[in-house]
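Asks: Sharing a sequence plus its predicted fold:
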Amino acid sequence: MMKAKVITLGCKVNQYESEAMLSSLLQHGFAAAEDKETADVVILNSCTVTAESDRKVRQIFRRAKKDNPDAVMVLTGCMAQAFPEDARRLEEADIILGTSNRKRLVPDLLAFLSARQRIIDIAPHTNDEKFENLNVENFTGRTRAFVKIEDGCNRFCSYCIIPYARGRVRSKPLENLKAELAGLGANGYKEVVLTGINLSAYGQEFGLHLCDAIEAACATPGIERVRLGSLEPEQLSEDVIRRMAKQKKLCPQFHLSLQSGCDATLKRMNRRYNAAEYQACCEILREEFDNPAITTDVIVGFPGETEEEFAETERFLKTIHFYEMHIFKYSRRAGTRAADMPDQVPEGTKSVRSDILLALEKQQSLEYRGRFLGTEEEILLEEPIEIDGTKYMMGHTRQYVKGAVPYEEGLKNKTVKGIFTKALNEEVLLLEKE
């Protein structure tokens, strides 16, 4: 029996698609290789969000070939789709797939094993393309399930290559989504995360809304928690947020993409909102949900960003006070409008600005977690961890704050309630069970 392993780079959508590809291989008689076991087939599901992502793809792919010298090497994902010529030049790749035809993996693999001829099978995205309906009912080693409900993006932010790698918005039909969710609930998954490239655009071609997917997930037997991937703030109106708030299984954790707190920078980025609109969205979320965790992404050093514009962003971040912020130094991406913009910011300036915001992020994150000390909370336990020589079982609250209890056998995927009594470290709080 041939053994296969999948290496995943990038977002939760990629993680879902990797599980779907592995599931397809298992259904066709392959076995999953253990982490350090030599595999007969190695699949790398690539990311291409930055030029650095592409460098990592090449590095990891070549290392995987060295570790699995006799394996059939498959390159798939966003890098292969957006930059097919670069993918072709990766000589170690026996099969190259894009992002629109994952179901070709097994037929292409069988064809290669028969003829031993290199296969390049990258289908271009089209405007009338339908959602590729993959299905996953088990996630290897995970207690949390990802469910891809949307693909593609129509936004064309000036720094982003993803619309070229993923095509236009398309959504998983609601009935198919309900069936997949039912399978996950039946298989014991208590928590699901709805994901997409532009998740907020779910269902627009069907006259549906993301809220329809949320309500379907919350109505699924067995599923106790529903989380959302990254959201676009201008698509969260007051009515939408109030509709979401009616679903008690929906976790009060919202990742709202910001990128900059300066209106002039947002305009150059081709974002569809301004700082005031973003702030209003956060305020409504805090009115409708109990102590919601609001997280975000911020790009520093975008072309043309002056010291005054950066200072405006820093002030805005202090005003909103996020739970967590992902801080990125702008990376020039070939094929995007921003790559050709004037006034590119020097790397040293980007690093200084990044360090300032990383320090702010750490401060705000500690302050948010500190609010939970002395409160009664519920955590869904996921995995063992060791802190200062003591073993614990770690999980998350509904707001995605990490909590831990003293280790016992049989706690994985169990929900426990108790009081957070102290911080075990900067990220994990100790829960004393009831």
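Replies: That came in fine, so what should we check first? Residues are numbered from 1 along each chain as shown.

Asks: can you pull out the helices in this structure?
Replies: Taking DSSP state H as the criterion, the chain carries its helices at 12-27, 51-67, 78-82, 84-88, 105-115, 162-166, 174-186, 210-218, 238-245, 263-269, 275-288, 307-320, 347-370.

Asks: out of the ones you listed, nearest to Ala338?
Replies: If you check each of these against Ala338 by C-beta to C-beta, helix 263-269 wins as the nearest, at 7.5 Å. All C-beta spots, glycine's among them, are computed from the backbone N, C-alpha and C.

Asks: Give me the residues contacting that closest one.
Replies: 157-159, 259-260, 273-275, 299, 302-305, 309, 313, 338, 341 (C-beta atoms under 8 Å, 6 or more residues apart in numbering).

Asks: before we move on, the earlier item: ranking the helices of the chain by burial, who's on top?
Replies: helix 78-82 (a mean of 28; mean count of other C-beta atoms under 10 Å).

Asks: for that one, packing partners?
Replies: Here helix 78-82 touches strand 41-46, helix 51-67, helix 84-88, helix 162-166, going by 3 or more C-beta pairs under 8 Å, 6 or more residues apart in numbering; DSSP states H and E.

Asks: Which strands and helices lie in contact with the longest one?
Replies: Other elements packing on helix 51-67 under the criterion 3+ C-beta pairs under 8 Å, 6+ apart are strand 41-46, strand 72-77, helix 78-82.

Asks: can you do 7 Å?
Replies: strand 41-46 (3 or more C-beta pairs under 7 Å, 6 or more residues apart in numbering; DSSP states H and E).

Asks: Put the alpha carbons of the strand it packs on into CSV.
Replies: The C-alpha coordinates for strand 41-46 follow below in CSV (Å, rounded to 0.1, in the frame of the first residue of the first chain):
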residue,chain,number,x,y,z
VAL,A,41,3.6,10.4,-2.5
VAL,A,42,4.2,13.9,-1.2
ILE,A,43,1.8,16.8,-1.9
LEU,A,44,2.6,20.4,-1.1
ASN,A,45,-0.4,22.7,-1.0
SER,A,46,1.2,26.1,-1.6
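
Asks: Distance from it to the middle of the chain?
Replies: Strand 41-46 has its C-alpha centroid displaced from the chain centroid by 18 Å (C-alpha atoms, centre = their mean, to the nearest Å).

Asks: Please apply the same query to stretch 132-139.
Replies: 16 Å.

Asks: pLDDT on that stretch, on average?
Replies: For stretch 132-139, the mean pLDDT works out to 88.

Asks: on that earlier part again, of all the helices of the chain, which one comes closest to Lys148?
Replies: Proximity to Lys148, assessed across the helices of the chain by C-beta to C-beta, is greatest for helix 12-27 (4.2 Å).

Asks: Now do that closest one, average pLDDT.
Replies: Per-residue pLDDT over helix 12-27 has a mean of 95.

Asks: do stretch 106-117 as well
Replies: 97.

Asks: Use 11 as the first number for this chain going forward.
Replies: Taking 11 as the first residue, the last one we looked at is stretch 116-127.

Asks: what about the residue lying closest to Leu107 once chain neighbours are set aside, how many neighbours?
Replies: Distances taken as C-beta to C-beta, 6 or more residues apart in numbering place Thr86 nearest to Leu107, at 4.0 Å, with adjacent residues excluded. By the measure other C-beta atoms under 10 Å, the count of residues near Thr86 is 30.

Asks: measure Thr86 to Gly151 for me?
Replies: According to C-beta to C-beta, to the nearest Å, Thr86 stands 21 Å off from Gly151.

Asks: And Thr346, by the same measure?
Replies: According to C-beta to C-beta, Thr346 and Gly151 sit 36 Å apart.

Asks: If you count surrounding residues, which of those two has more?
Replies: With neighbours defined as other C-beta under 10 Å, Thr346 and Gly151 compare such that Thr346 has more, 18 against 7.

Asks: show me what contacts that one?
Replies: By C-beta atoms under 7 Å, 6 or more residues apart in numbering, the contact list for Thr346 reads Ser168, Tyr169, Cys170, Ile171.

Asks: Switch those residues over to JSON lines; also include pLDDT.
Replies: Putting the contacts of Thr346 into JSON lines (pLDDT from 0 to 100) gives the following:
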{"residue": "Ser168", "pLDDT": "98"}
{"residue": "Tyr169", "pLDDT": "97"}
{"residue": "Cys170", "pLDDT": "96"}
{"residue": "Ile171", "pLDDT": "95"}
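
Asks: Tell me the one of those nearest Ala229?
Replies: Cys170 (33.9 Å).

Asks: That closest one: what's its closest spatial neighbour, skipping adjacent residues?
Replies: That would be Thr346: by C-beta to C-beta, 6+ apart, it lies 6.3 Å from Cys170.

Asks: Please report how far that neighbour lies from Glu95.
Replies: Between Thr346 and Glu95 the computed distance is 17 Å (C-beta to C-beta).

Asks: What of Leu391?
Replies: Counting by C-beta to C-beta, the gap from Leu391 to Glu95 is 47 Å.

Asks: And Arg235, how far from Pro302?
Replies: 14 Å.

Asks: for Gly108, same thing?
Replies: According to C-beta to C-beta, Gly108 and Pro302 sit 37 Å apart.

Asks: the more surrounded of those two?
Replies: Gly108 (26 against 19).

Asks: Would you list the phi and psi of the more buried one?
Replies: With angles defined as degrees, to the nearest 10, Gly108 sits at phi -100, psi -140.

Asks: these two touch, right, it and Gln91?
Replies: Yes. Counting by C-beta atoms under 7 Å, Gln91 is a contact partner of Gly108 at 3.7 Å.

Asks: Now for these two: what residues contact both?
Replies: The contact sets of Gly108 and Gln91 overlap at Ile132 (C-beta under 7 Å, 6+ apart).

Asks: hang on, the earlier thing: let me see the confidence value for the residue nearest to Cys170.
Replies: 96.

Asks: so what's Met11 closest to, chain neighbours aside?
Replies: Going by C-beta to C-beta, 6+ apart, Met11 has Ala41 as its nearest residue, at 5.0 Å.

Asks: And that neighbour, how far from Arg152?
Replies: 19 Å.

Asks: same check, this time on Val67
Replies: Val67 sits 23 Å away from Arg152, going by C-beta to C-beta.

Asks: and the contacts of helix 273-279, which are buried?
Replies: Buried by 16 or more other C-beta atoms under 10 Å: 167-169, 269-270, 283-285, 309, 312-313, 315, 319, 323, 348, out of these.

Asks: Can you tell me which of the residues you listed end up in strands?
Replies: Ile309 (DSSP state E).
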